[in-house]
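**Student:** Output the structure for:
(chains A, B and C)
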Amino acid sequence: VSADGYSLGELAGRFGLGLRGDPAQRIRGVATLAAAGADTLSFLANPAYRRQLADCAAGAVVLAEADGAHFRGNCLFSRNAYADFARIAALFAPRRVAAPGIHPSAVVDPSAEVDPTAEVGPLCTVGARSRIAAGVRLGPGCSIGEDCVVGDDSELVARVTLVTRVRLGRRVLLHPGVVLGADGFGLAFDQGQWLKVPQLGGVLVGDDCEVGANTCIDRGALDDTVLEDDVRLDNLIQVGHNVRIGAHTAIAGCTAIAGSTRIGQYCLIAGGVGIAGHLVIGDRVRINAMSLVSRSLDGPGEYASGSPLQEVRAWRRNAARIRQLDRLARAVQRVSKDVIDE
Amino acid sequence: VSADGYSLGELAGRFGLGLRGDPAQRIRGVATLAAAGADTLSFLANPAYRRQLADCAAGAVVLAEADGAHFRGNCLFSRNAYADFARIAALFAPRRVAAPGIHPSAVVDPSAEVDPTAEVGPLCTVGARSRIAAGVRLGPGCSIGEDCVVGDDSELVARVTLVTRVRLGRRVLLHPGVVLGADGFGLAFDQGQWLKVPQLGGVLVGDDCEVGANTCIDRGALDDTVLEDDVRLDNLIQVGHNVRIGAHTAIAGCTAIAGSTRIGQYCLIAGGVGIAGHLVIGDRVRINAMSLVSRSLDGPGEYASGSPLQEVRAWRRNAARIRQLDRLARAVQRVSKDVIDE
Amino acid sequence: VSADGYSLGELAGRFGLGLRGDPAQRIRGVATLAAAGADTLSFLANPAYRRQLADCAAGAVVLAEADGAHFRGNCLFSRNAYADFARIAALFAPRRVAAPGIHPSAVVDPSAEVDPTAEVGPLCTVGARSRIAAGVRLGPGCSIGEDCVVGDDSELVARVTLVTRVRLGRRVLLHPGVVLGADGFGLAFDQGQWLKVPQLGGVLVGDDCEVGANTCIDRGALDDTVLEDDVRLDNLIQVGHNVRIGAHTAIAGCTAIAGSTRIGQYCLIAGGVGIAGHLVIGDRVRINAMSLVSRSLDGPGEYASGSPLQEVRAWRRNAARIRQLDRLARAVQRVSKDVIDE
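**Tutor:** Coordinates of the predicted model:
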C-alpha cells in the first residue's frame, strides 16, 4: 500500500459500495469508530456501537444505508458492512507472502520435497517424505513430521507441529502452538491396566481452513480426522480422533469435541462447549457457550444448556434446590391437576 | 512387518484367540469395519457398529463370540475385542524406536548425561544435570530444562517442554506441546498487589504414563506434583501444583484440576471437568463430562453435574426459573404435606 | 544463599516478624509442615492444615500469632503468613538472572535490538525491529516476531511465542507454550463463506504480569488487547482480541474471555469460567469456577452459575426435571397464592 492510500471513490468503485460524501477523500488506514482520524476508515456492524457515530472523526465509515443518518461524515454504504470493511482493511494489511528458500538453520529430510517458491523459516524441521507446496510459508520453529503435505499458499505462522500423515489443503492458516496429528486418546482396559490402541490414521484439512493458537486436532485411529473446506477454529480447541467437521463451520475457543463425532456444514459453535463422542450434528446447528452436547442434534436449530449467572448467595439457595427437583416435581404433581411429565 | 503380513492362524495362536474360518487367510493391515478389505483385519467393540458387520469385506474381524452370528467371514473370537485388536494393530505400527545419537543441531549442556542408545532429535535442548536414559527418543524441538530425568524407553514426540526437576519413569509417552514443570499458580496478596510464591517442587511421572498434546502439569510448590504409574491424560488438560493422580486413572481432554487435590486409582474422568483444589477423590470414581467437583468424593461412585441440552427457546424459559427455584420450593412446601428438605 | 542459610533472628529482623523461640536457629530451606525438618522453615496459612502443627518437626513455622498455641517449636508471627513465607522462600530460590549474550544457535534479525545485559537462549528467534531490553532472559526456543518489545528484567521461560506487535512491560514472566499476539477470531460471513477480518492491533502487557503455560492472548483487531499491571493468568487461558484486564486481577486455569470484554481491577476469576464478548465487568468482582458470564457485572460482587454435583442416578432424575421447570413453576402458581415471578 502506498503512503498515499486510496481515495474513497476508488474504494467505492472497487468494492461496489454506495458513496455519500467526498470521493476525493484519502484513506490511509483503518481504525475503530473511537480511534479513527481524518484519513482513516472505520465501520459500524454491531448496533451497540451506533451511538459512537455522533463523535466519530473518521474520514469515512462503512455502514448500512439505514445507519447513514447517524453519521455526518463520508459514508460507504454496504449490505454487509463487516465483510466490506474486512476487504478494505486487507488492502492495508496484505497477507504475508513467502520469502522463497530454506533457512540455513532449518533441518529438512533429504526425502522431503520443498517447492522452490516456498519459505522454510529458521529452526524448522521437515520430516521424511513430506511435501511443502508452492507459496507456502513456514514461520520460525515449525515442526513438520513424516508423510505430511502443506498445500499451496498455506501459512504456518510459527511453532506449529504437524505430527504424522497430516495433509493440508490450499490457503490454510495455522497459528502458533497448533498440534495436528498427535495420537488420539485410544485406550483399551485389560487385566487391570491400560493398553494403548495404535493410532494409524491422519488428519485431512480442506482449503481455506484456519486453526487458532494451541488448538489440537488428533489423527484418526484408523481413518482420518477431517476438516472440510473453510472450517474456522479458534484457540485452545480439542478435536478428537475421527471427528469430521463440515464445510464453513466455525467454532470458538476452548470447545472440545470427542472422538468420531460428525458435525455438519455451516454450524456455529460457541466457546467452551463440550460435545460427546460418536454423535451426529446436523447442518446449520448453533450451540450456545459452555453447553454440553450429549446426544445427536438435528439441524437447523439452536441449542443451549446450563444455568444463569446469579449473585453467589442467591445461587447457593437455588442450586441446592436442584438436588430436590425430582421430589419437588412429584409433590407438585400430587397437589396439581397438571400433568407435567413429558 | 513383512509385506506378507501374518496368517489368521498365526494371530489366533499368538494372542490366544478362537478362530472361525480360514487359518491361512493373510492379514496385511488393520481398518474399520466400513473400510476393511480382503487382507485387512477389523474389530467390533462398540455395539452401535454391529450392523456394519453385514456388509463388511474384512479378511477377518476380532469380536465377541456372541457377535459371531452377525458376520459371515473369518472371525477371531475375543473376550476383550478392543484390547486384542490393539495388540494385533501394534504389529502393523510398531512404536518408533530411538535412532541413537545426538543431532548436530541439538544443544546439550556439558553436565547433562545422554545414554548412548538414546536419540536427541534436531533442535532439542538438554539442560544442566539432566539425564536422558537408555532407549529414549526426543523428537524434534524438545526442550529439557535443568535437573530432569527421562526414564528408559520414554518418547517425547516433538516440541515437549520439561521445565525443571521433572522426572519421568519408563515408557512414558508425551505428545507435542506438553509442558511439565512450569511454575504453579501460587500468589499471596499483600499490600494491594500480588506477591509470587516461589515454586520449588518438581513433577514425578510414573511408568507407562501418557500425556496428550498441549497438556500442562505444574511443578509442586514445595513437594512434587505426582502421576502414579499408567496414568493416561488426553489433550489440553491442566494439572495444578501438588496434585496427585493415582495409578491407572484416565482423564479426557480439557479437564482442569486445581492445586493439592488427590485423585485415586482407576478413576475415569471425562472431558471438560473442573475439580477444585485441596480435595480427595477416592478410587474408582467416575465423573461425567463438564461436571464441577467442589467437594471430596468417595469411591467407587459415578458423579455428574450440569443441566440437559435443550432447544434454545425452551432453555430460556426453563433456565430463568432456576433463579426462582428456592422460592418455588418454599411455595410447594406451603401447599404440600411433603417435606422435601433433606 | 550460603550453605549456612539464615538465622531465625536475621529473618525476623529482615521481614519485621515477631519471633518466639531461638533466634540462633539456622534455616537452610523451606518445606511443607509434613516434610519440614530441623533446619527448614514451614508456614501455616490454610486453617485446614492446622492439625499438622502438632507433629511438625520444622525448625520454625511462619504463622498468625493466634495459631502459635498449636505449635511447640520456634515461631515467626505474621499478619500475612503466606506472603511472608513467600518472601523468605524467595531467599532460597532467587529468580533466575540473565546470563548476558546471544546463544550462537539463536537467529536474530539484524534490525532487532538486544541489550548487552540480556540473554537470548539457544534456538530462539528475534524478528525485525523487535527490542529486547536490559536484564531480559529468553529461555530456550522462544520465538519473538516483528515489532515486539520485551521490557526490562522480563523472563520468557522457554518456547514462548510473541507473534507481532506485542509489547511487554518490566518484570513480566511468561511460561512455556504461551502465545501472545496471534490473530483474533475475526470472521465476516459473506456469500456462503467466511472472510477473514484482518487483525492489525497488538498486545500490551503491563509491568509485573505473569502468564501461565499454553495460555493465549490474541492481538487486537484494530486497537490493542491490554493487560494492565500485575495481572496474573494461570495456564491454558484464552483471552480474545481487544479484551482489557484491569490491574491486579488474577484468573485461574482454562478460563476463556471472548473479544472486547473489559474486566476491572482486583477481580478474582476462578478456573473454567467462560465470559462472553463485549461485556463490562466491574472492579473487585469474583466469579466462581466454571460459571458462564453472559451479561455485564457490577463490582464488587461474587457471582456463580451451574448446578451441584450429584451421584449420577440422582442427577439423571433431577436434571430431567430442569426441562420441565417452566411448566412446573406455572403449575405451582396455579395452586399457590405466592407470586414467584420476579
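**Student:** Show me the shaky parts of the stretch 201-342 of chain A.
**Tutor:** Across the stretch 201-342 of chain A, the ranges flagged by pLDDT under 70 are A:337-342.
**Student:** Which stretches in it count as helices?
**Tutor:** Using DSSP state H, counting those that start in this stretch, the helices of the stretch 201-342 of chain A run over A:312-322, A:325-335.
**Student:** Can you see whether the first one contacts chain C, counting any residue in it?
**Tutor:** Yes. Contact of helix A:312-322 with chain C is found when judged by CB under 8 Å from any CB of the partner chain, involving A:312, A:315, A:316, A:319, A:320, A:322. From N, CA and C alone the C-beta is placed, and that goes for glycine too.
**Student:** same for chain B: which of the residues you listed are within range?
**Tutor:** For chain B, the contacts drawn from the residues of helix A:312-322 next to chain C by CB under 8 Å from any CB are A:320, A:322.
**Student:** Now restrict the residues of helix A:312-322 next to chain C to buried residues only.
**Tutor:** The neighbour-count test (16 or more other CB atoms under 10 Å in any protein chain shown) applied to those identifies A:312, A:315, A:319, A:320, A:322 as buried.
**Student:** With distance to residue C:181 as new columns, can the residues of helix A:312-322 next to chain C be given to me in CSV?
**Tutor:** As requested, the residues of helix A:312-322 next to chain C are arranged in CSV below (distance: CB to CB, whole Å):
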residue, distance to residue C:181
A:312, 35
A:315, 36
A:316, 40
A:319, 39
A:320, 44
A:322, 42
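**Student:** coming back round to it: which one of the helices of the stretch 201-342 of chain A lies closest to residue B:168?
**Tutor:** Set against residue B:168 and scored by CB to CB, those come closest in helix A:312-322, at 41.0 Å.
**Student:** So what touches the closest one?
**Tutor:** Counting by CB atoms under 8 Å, 6 or more residues apart in numbering or on different chains, the neighbours of helix A:312-322 from elsewhere in the structure are A:307, A:309-310, A:328, B:322-326, B:328-329, C:286, C:288, C:302-308, C:318, C:322.
**Student:** One more: stretch A:43-61?
**Tutor:** Outside stretch A:43-61, the residues within contact range by CB under 8 Å, 6+ apart are A:8, A:21, A:25-27, A:30-31, A:33-34, A:36-42, A:62-64, A:67, A:70-71, A:73-76, A:81-82, A:84-85, C:188, C:278.
**Student:** For it, what is the distance to the chain centroid?
**Tutor:** Between the mean C-alpha point of stretch A:43-61 and the mean C-alpha point of its chain there is a distance of 26 Å (CA atoms, centre = their mean, to the nearest Å).
**Student:** Same question for stretch A:179-191.
**Tutor:** Average the C-alpha atoms of stretch A:179-191, do the same for its chain, and the two points are 25 Å apart (CA atoms, centre = their mean).
**Student:** what comes up buried for it?
**Tutor:** Residues of stretch A:179-191 classed as buried: A:179, A:180, A:181, A:182, A:183, A:184, A:185, A:186, A:187, A:188 (neighbour count, 16+ other CB under 10 Å).
**Student:** and it, is it in reach of chain C?
**Tutor:** No. Residues of stretch A:179-191 are not located near chain C by CB under 8 Å from any CB, the shortest gap being 10.5 Å.
**Student:** Using PDB, write down the CA coordinates of that stretch.
**Tutor:** Coordinates of each C-alpha in stretch A:179-191 appear next as PDB, following Å, rounded to 0.1, in the frame of the first residue of the first chain:
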ATOM      1  CA  VAL A 179      -0.700 -29.500  17.100                       C
ATOM      2  CA  LEU A 180      -2.200 -31.500  14.300                       C
ATOM      3  CA  GLY A 181      -1.900 -35.300  14.100                       C
ATOM      4  CA  ALA A 182      -1.000 -36.300  17.600                       C
ATOM      5  CA  ASP A 183      -2.200 -39.700  18.700                       C
ATOM      6  CA  GLY A 184      -5.900 -39.900  19.600                       C
ATOM      7  CA  PHE A 185      -6.900 -40.900  23.100                       C
ATOM      8  CA  GLY A 186      -7.400 -44.600  22.300                       C
ATOM      9  CA  LEU A 187      -7.100 -47.000  25.300                       C
ATOM     10  CA  ALA A 188      -8.300 -50.400  26.000                       C
ATOM     11  CA  PHE A 189      -8.600 -51.600  29.600                       C
ATOM     12  CA  ASP A 190      -7.300 -55.100  30.000                       C
ATOM     13  CA  GLN A 191      -6.100 -57.100  33.000                       C
END
